[in-house]
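Undergrad: Mind folding the following:
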Amino acid sequence: MQIISPKTDKTPSLTLNEFLKEFSIEGICIPEDPTEFFDGLKKIVIESISNGIINKLSIYLEYFNTGSSKCLLELMYSISGNLKFRNEVIINWIYQFEDGELFESGKVFEELSLLKFEYTELTE
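TA: Coordinates of the predicted model:
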């Protein structure tokens, strides 16, 4: 497992697990400049998918702001824009049991992006 970027007060951790073929985004996402943060993230994710390193993107954001939401959707559009990626990549949307709003956000992203989603409910 390789930590690409550790979690901060304003940005999520970014982790690449080549063994599981998974890239994980976890934490709070309220960066000062969401576009800058997500441009780097998008480059890493698209390159990893293109090279067959990952086929799953796991996302567990405890909180994200509007700017991050827009950039996250743009990341998903970048993946789904390539038909091969759309058919091979799974988004694992992780949410807390009691957080219906976060679950609904995942459903909206799924509908808009046309990507395959699986949902993981945390009960802790």
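Undergrad: From here on, just use CA atoms for contacts and neighbour counts.
TA: OK.
Undergrad: mind checking the longest helix of this structure?
TA: Identified as the longest helix of the chain according to DSSP state H is helix 34-50.
Undergrad: Need phi/psi at the spatially closest residue to I30 that is not a sequence neighbour.
TA: Of all residues not flanking I30 in the chain, K10 sits nearest, at 4.9 Å (CA to CA, 6 or more residues apart in numbering). With angles defined as degrees, to the nearest 10, K10 sits at phi -120, psi -10.
Undergrad: count of residues packed around K10?
TA: Look at K10: counted by other CA atoms under 10 Å, it has 13 neighbours.
Undergrad: so what pLDDT did it get?
TA: Looking at K10, its pLDDT reads 96.
Undergrad: what about the spatially most central residue of the chain, helix or strand, and which?
TA: By CA atoms, centre = their mean, the chain has its centre lying nearest to I59, at 4.1 Å. I59 belongs to strand 56-64 when assigned by DSSP states H and E.
Undergrad: for L102, same thing?
TA: Assigned by DSSP H and E, L102 belongs to helix 100-113.
Undergrad: Direction-wise, compare that helix with strand 56-64 and give the angle.
TA: Here helix 100-113 points in a direction 130 degrees away from that of strand 56-64 (axes from the mean of the first three to the mean of the last three CA atoms, to 10 degrees).
Undergrad: Identify all contacting residues around helix 100-113.
TA: Helix 100-113 has contacts (CA atoms under 8 Å, 6 or more residues apart in numbering) with L73, M76, Y77, S80, W93, I94, Y95, Q96, K116, F117.
Undergrad: In a markdown table, list those residues along with pLDDT.
TA: As requested, those are exported to a markdown table (pLDDT from 0 to 100):
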| residue | pLDDT |
| --- | --- |
| L73 | 97 |
| M76 | 97 |
| Y77 | 96 |
| S80 | 94 |
| W93 | 98 |
| I94 | 97 |
| Y95 | 95 |
| Q96 | 91 |
| K116 | 96 |
| F117 | 97 |
